[in-house]
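J.: What follows is a predicted protein model with its sequence.
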Protein chains: 2
Amino acid sequence: MRKDNYSLNILTGKKYLIPSEGDKENIDNFLSNHKGKQVIVVQGLGFVGAVMTLICSNALNEEYAVIGVDLANSNNYWKIASINEGVFPVVASDPKINEFYQKTQSKGNLLATFDSYAYSVADVIIVDINLDVLKNSDFSKTLTNYDVNLKPFKKGIETIGNNCKDDVLILVETTVPPGTCEKVAYPLIKECLLNRNLAIDKFKLGHSYERVMPGPNYIDSIQNFYRVYSGIDENSALSVEKFLRTIISTEKFPLTQLANTNATEMAKVLENSYRAMNIAFMVEWSRFAELADVNLYEVVSAIRMRPTHSNMMLPGIGVGGYCLTKDPLLASWAKQNLFNSELPLKQSETCVQINDQMPLFAFNYLKETFKENLSGKKALLLGVSYRSDISDTRYTPVEPFYDYLSSEGAEIYLHDPYVDVWEEKEIEVSSDLDQLFKEDIDILVFCTNHSEYINNEWLIQSISNKKNNFIFDTVGVLNKNEINILKESHTVKVVGRGDI
Amino acid sequence: MRKDNYSLNILTGKKYLIPSEGDKENIDNFLSNHKGKQVIVVQGLGFVGAVMTLICSNALNEEYAVIGVDLANSNNYWKIASINEGVFPVVASDPKINEFYQKTQSKGNLLATFDSYAYSVADVIIVDINLDVLKNSDFSKTLTNYDVNLKPFKKGIETIGNNCKDDVLILVETTVPPGTCEKVAYPLIKECLLNRNLAIDKFKLGHSYERVMPGPNYIDSIQNFYRVYSGIDENSALSVEKFLRTIISTEKFPLTQLANTNATEMAKVLENSYRAMNIAFMVEWSRFAELADVNLYEVVSAIRMRPTHSNMMLPGIGVGGYCLTKDPLLASWAKQNLFNSELPLKQSETCVQINDQMPLFAFNYLKETFKENLSGKKALLLGVSYRSDISDTRYTPVEPFYDYLSSEGAEIYLHDPYVDVWEEKEIEVSSDLDQLFKEDIDILVFCTNHSEYINNEWLIQSISNKKNNFIFDTVGVLNKNEINILKESHTVKVVGRGDI
């Protein structure tokens, strides 16, 4: 069958034909079993939306009927089918995900669908679709241009506006350029309602961003964490607050209302820009430390004892994930395009550019210190996900590092305890170190600081048993003692460390 | 008498003739009263050195004879005379300063002098002299060049080398460009000792920076706080550690040894660069917030609830003080000049430049929003020190702000509860708000967030009683409620706030 005719379940390998007809009957059946309950529709079943369906179907003090909606295309349809078949489409180390999903299944209050008809029955619609930045291929070298792709987001809002009830609450959770709710979503919804001859003063529009952390605290990072929210008007803000109180532990984590949607939208991208900028800041200092024979890890640990400096970042291989790699650009784009400023947020743009260059720096450092030709060398990368102890490989810095290494002709082996298939590259990843160590590895690179690699005596012993390997720690996995052991029979290099 | 013949005590107004003869007799007399005690010499009696003499003369578990040394010139001689006469040359809100000084006086174990003879009797010499950056006059507009003035520091080290015992411990506390101890001080001391036909393998050289905070916790910021230290060799490091244990509460605040002097020197400038960079980062966001009608104070408060983001900075009038305005430049200079790198620490240079521009941004914001001609307007600036609740006006951002306002012909009144005389500008500062409010003020600017201004009902009432003033809060003194009260009869503007 043609690729765009089916959708592959990346968890089970099962292929689904993409349906060509509507899903109204299923939705109506589902609703007939949940009469009297408020209907929550979650738009987008990605890393946030999928988990939001669980949070809502297990609301703290309310029984909702929850419908998750995504598109019927090859990238997304499998998530819909998978939810309805009993396989949750997100893999995470958080045991609560499974626990919540099982409760949801036994209650039967979650349906997934692709049919926009769902929006017409919703009391609350939560927008969890992506909003992406398109970077030029040369972005990491010359910060010339990038663009914000608003189209899919607008399309999503339009679909809501063309189907929703006139008094619906629309809660945007997507990270958007500041100004988007007020200047893009609000007029668009009004336009749609006007075209349908419906009242335009009854719907509620709000913004409240999640701070989701895929990993061991996935559920808690939504349900048990601080939330900031706002409404396009006071009535909207009240509705958002009322809804959030049903799904978030607001007694322990009080809600914070901000004055307008610009403010909450800005808060989200500012948070992530702050983090991205603090990482970028350490990049130059890593180079300086290497030059001055200084162990930057040691220096930063000493500085972090000051409470005012506890958030200083450590050197590393780069920045990955969906947020830090683009949010500062969303902000700068908004300033120029939604608020007509001639000046970009230069620091925020620059920090993304610097962070995007980190894998190249790490690779160059490897190349310079390895000295030999990389062609034909066997390299084992330990870790491919962008952060420790998660399976998320989106925008992982290991990808460009892999590409550089590969383009020099190295033969690359991959290990990650959390990743079976590296989706973006369509490569299998091993979780069997024993097996991998049977190869005659020349170069061993720590790319992610997974707990499994840290203070792992067996691992150090296994590497020690080999001879004359080149060991490159890009993320501070190895401690002083381990480095000393490994140095006896290997060459050891660490990003941001000059004293070995 | 000629200005370079005397030195003015800025605390008492007393003038001292600068001595033309040596001080050996006094030193010998002092020592004869303290036989058997180790002699500590502190080089430099500024904000750090003066207080270090108190810390050492009141060491925790040792009795030292302490000699403070500074230069016999018009800027510095008065400090020497003042210490010996019973007036401590540093004013601070910390009651411990006075308490320590009184204990020192009753013990009689502190002498101040200008005679280099002091170095010849020292067992430990603590270097607390300044090391300055010379910025071009147009530095804040175009980051073209700046220079590090190593001369006075080298001269200080040379004086030590030409006088010290061959087994002295020299402890550098000055914030220096990373590499200075190893590449500048160490060879210089050896050269001096060689010229004197002394052994060059017996002296100890170390680096340990203070994290002094002039203000209510002045003493504690040295004695009860974490310390990082290093030595030029292992023996030096041991000597430094042993000495620090006698003056710092190391049980509560453990010492951290770093591998070499480059590392501790780098740690200090990295700490301050981190802070300067995080402040600079907020500058662009302040402009964006104003444009998008967003209250950045509210946004930052909401974000700070996340422990990972608790150190986010607030918008303000600018960055002052002796450290943040130059330390990032020391680092970048060192990278290029002591480690032969072709690349500066660009982000660190840029953040100093941005911070230096903040007073201009604040002034421009005032000018744009005030709209009327500033010439002849009466402006009252509340606060001139660079930080809340201190009297330190060194590099205060209020200075350029004052200059811009003054150059437009405004008539300026100054208030500060901690500053009687603004030393750098040689202007008297009032602490009598009642008196100042009798003037017909047109513009009232909060420039420092002194505690006295915060939640001060009387102050808000007094301002309210006036009519049609232009009130400009550059440092977030006013809360929402106060702004609403003041808005009834005044125009109110706040840096980083768009919603008023």
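T.: Yes, it's here.
J.: count of neighbours near A:Pro307?
T.: Counted with other C-beta atoms under 10 Å in any protein chain shown, the neighbours of A:Pro307 add up to 9. All C-beta spots, glycine's among them, are computed from the backbone N, C-alpha and C.
J.: same deal with A:Gly496?
T.: For A:Gly496, using other C-beta under 10 Å, the count is 28.
J.: Run through the residues that contact it.
T.: By C-beta atoms under 8 Å, 6 or more residues apart in numbering or on different chains, the contact set of A:Gly496 is A:Met282, A:Trp285, A:Ser286, A:Ala289, A:Glu290, A:Asn295, A:Leu296, A:Tyr297, A:Leu314, A:Pro315, A:Gly316, A:Gly476.
J.: for these, which one is nearest B:His490?
T.: A:Met282 (44.7 Å; C-beta to C-beta).
J.: show me the contacts for the closest one.
T.: Taking C-beta under 8 Å, 6+ apart as the test, what A:Met282 contacts is A:Leu296, A:Val300, A:Met312, A:Met313, A:Leu314, A:Pro315, A:Gly496.
J.: Out of the residues you listed, name the ones that lie in helices.
T.: Taking DSSP state H as the definition of helices, those contribute A:Leu296, A:Val300.
J.: Which of the contacts of A:Met282 fall in strands?
T.: Assigned to strands by DSSP state E, none of these qualify.
J.: Closest one of the contacts of A:Met282 to A:Asn449?
T.: A:Leu314 (9.3 Å).
J.: separation between the closest one and A:Trp285?
T.: Shown here: A:Leu314 relative to A:Trp285, a distance of 10 Å by C-beta to C-beta, to the nearest Å.
J.: Give me the common contacts of those two.
T.: A:Leu296, A:Gly496.
J.: Out of the contacts of A:Met282, flag the one nearest to A:Glu191.
T.: Distances from A:Glu191 to those, taken by C-beta to C-beta, are shortest for A:Met313, at 43.9 Å.
J.: show me what contacts the closest one?
T.: A:Arg275, A:Asn278, A:Ile279, A:Phe281, A:Met282, A:Val300.
J.: go with 10 Å
T.: A:Met313 makes contact with A:275-283, A:285, A:300, A:304, A:319, B:274, according to C-beta atoms under 10 Å, 6 or more residues apart in numbering or on different chains.
J.: ok, those vs A:Glu439, which is closest?
T.: When the contacts of A:Met313 are compared against A:Glu439 (criterion: C-beta to C-beta), the nearest one is A:Val319, at 29.9 Å.
J.: in what helix or strand does the nearest residue to that closest one once chain neighbours are set aside lie?
T.: Nearest residue to A:Val319 in three dimensions, chain neighbours excluded: A:Asn355, at 4.0 Å (C-beta to C-beta, 6 or more residues apart in numbering or on different chains). Assigned by DSSP states H and E, A:Asn355 falls within helix A:346-370.
J.: residues of that helix that come out buried?
T.: Neighbour counts using 16 or more other C-beta atoms under 10 Å in any protein chain shown place A:347-363, A:365-366, A:370 of helix A:346-370 among the buried residues.
J.: Go ahead and confirm A:Leu291 touches B:Asn340.
T.: Yes - in this structure, A:Leu291 is within contact of B:Asn340 by C-beta atoms under 10 Å, at 8.5 Å.
J.: which one of these two has more residues nearby?
T.: Between A:Leu291 and B:Asn340, counted using other C-beta under 10 Å, the more crowded position is A:Leu291 (19 against 8).
J.: what sits against the more buried one?
T.: A:Leu291 touches A:Gly498, B:Pro178, B:Gly179, B:Asn262, B:Ala334, B:Lys335, B:Leu338, B:Phe339, B:Asn340, B:Ser341, B:Leu343, counting by C-beta under 10 Å, 6+ apart.
J.: Out of these, which sit inside helices?
T.: Using DSSP H, the contacts of A:Leu291 in helices are B:Asn262, B:Ala334, B:Lys335.
J.: Point me to the residue of the stretch 51-200 of chain A nearest chain B.
T.: Residue of the stretch 51-200 of chain A nearest chain B, by C-beta to the nearest C-beta: A:Pro178 (5.8 Å).
J.: Pretty sure that residue sits against A:Ser230.
T.: No - shown here, A:Pro178 and A:Ser230 do not form a contact pair, counting by C-beta under 10 Å, at 11.3 Å.
J.: higher neighbour count, the two?
T.: Taking other C-beta under 10 Å, A:Pro178 and A:Ser230 do not tie; A:Pro178 has more neighbours (30 against 24).
J.: Check which helix or strand the nearest residue to A:Ala185 once chain neighbours are set aside maps to.
T.: Distance criterion C-beta to C-beta, 6+ apart; nearest residue to A:Ala185, sequence neighbours excluded, is A:Ile157 at 5.0 Å. Secondary structure from DSSP H and E places A:Ile157 in helix A:151-161.
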